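**Student:** how would this look folded up:
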Amino acid sequence: MSGHSKWNNIKRKKEGTDAKRAQVFTRIGREMAVAIKEGGADPVSNSKLRDVIAKAKANNVPNDNIQRMLSKYTSEGGADYETVIYEGYGPEGVALIVEAMTDNRNRTASNIRHLFDKYGGNMGAQNSVSWQFERKGVIVIDREEFEDEEDDMMMIAVDAGAEDFEASEESFEITTSVDTLGEVRDNLEKQGYSFVVAEEQMIPQNTVKITDEENAKKFQKLLDMLEEDDDVQNVFHNWEE
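**Tutor:** Have a look, this model is predicted:
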């Protein structure tokens, strides 16, 4: 799951239960199946598959598990999943994008619409909110794992090909174009860095505050329930938490 605050990704990774980790493994396996079906099983020639493998490593998927996934989906020829995007608004006009991978569009659309309706949101048409976001490569490094000073890390990121760099107390956040995500990630990995996040995300151009406490609770519940849905891969929003 992804949102405006990348630190949430780090907290989820550190605090994740076995059930949550299993859910992450399943979602990554689904992405791997689709990548293999679309571009073949060789990560050297299939950049999408290479990105999924990097995402798996960032989420602490053991190498043995990655190899088993590769063998399984190569022998099966991929799976009949397709990517579906749902867009809409939460309480107080917060924009929301839900990326799902499903083998049954009707089931998934019904489930997502139900959650929007139940927690004060409204599903919209395609492109109803996506214009408020920009797809970028996002790499997040946990500062606790590395001793680099902020200025030094910024120069390393820029030299690796980053478009933007932001530091907080908890993390270094590196933004790239979608086309250069793999190159920047590989450059940093060669220098010994590991990542909490290394993937494409939809970055909001502007953020929205929820002023009513009950509405904020509703929206958080909506995010939590979307995360529990087996078909949902990613959720992006512009809530300023």
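
**Student:** Packing partners of the top strand by length along the chain?
**Tutor:** The longest strand of the chain (DSSP state E) is strand 133-142. Here strand 133-142 touches helix 7-15, strand 171-176, helix 181-190, strand 197-204, going by 3 or more C-beta pairs under 8 Å, 6 or more residues apart in numbering; DSSP states H and E. Placement of C-beta: from N, CA and C, glycine included.

**Student:** Can you tell me the strand partners of it and which way each runs?
**Tutor:** strand 171-176 (antiparallel), strand 197-204 (antiparallel) (DSSP bridges).

**Student:** So residue 74 versus residue 115, what's the distance?
**Tutor:** 34 Å (C-beta to C-beta, to the nearest Å).

**Student:** So for those two, which residue has more residues nearby?
**Tutor:** With neighbours defined as other C-beta atoms under 10 Å, residue 74 and residue 115 compare such that residue 115 has more, 21 against 15.

**Student:** The more buried one is in contact with residue 229, isn't it?
**Tutor:** Yes: Residue 115 lies in contact with residue 229 (C-beta atoms under 8 Å); the separation is 7.4 Å.

**Student:** In this protein, what residue spans correspond to strands?
**Tutor:** With DSSP E as the criterion, the chain has strands at 82-89, 95-102, 122-124, 133-142, 164-167, 171-176, 197-204, 232-237.

**Student:** Looking at these, spot the one closest to residue 151.
**Tutor:** Of all those, strand 164-167 sits nearest to residue 151, with 9.1 Å by C-beta to C-beta.

**Student:** So what touches that closest one?
**Tutor:** 143, 150, 153-154, 157-158, 172-175 (C-beta atoms under 8 Å, 6 or more residues apart in numbering).
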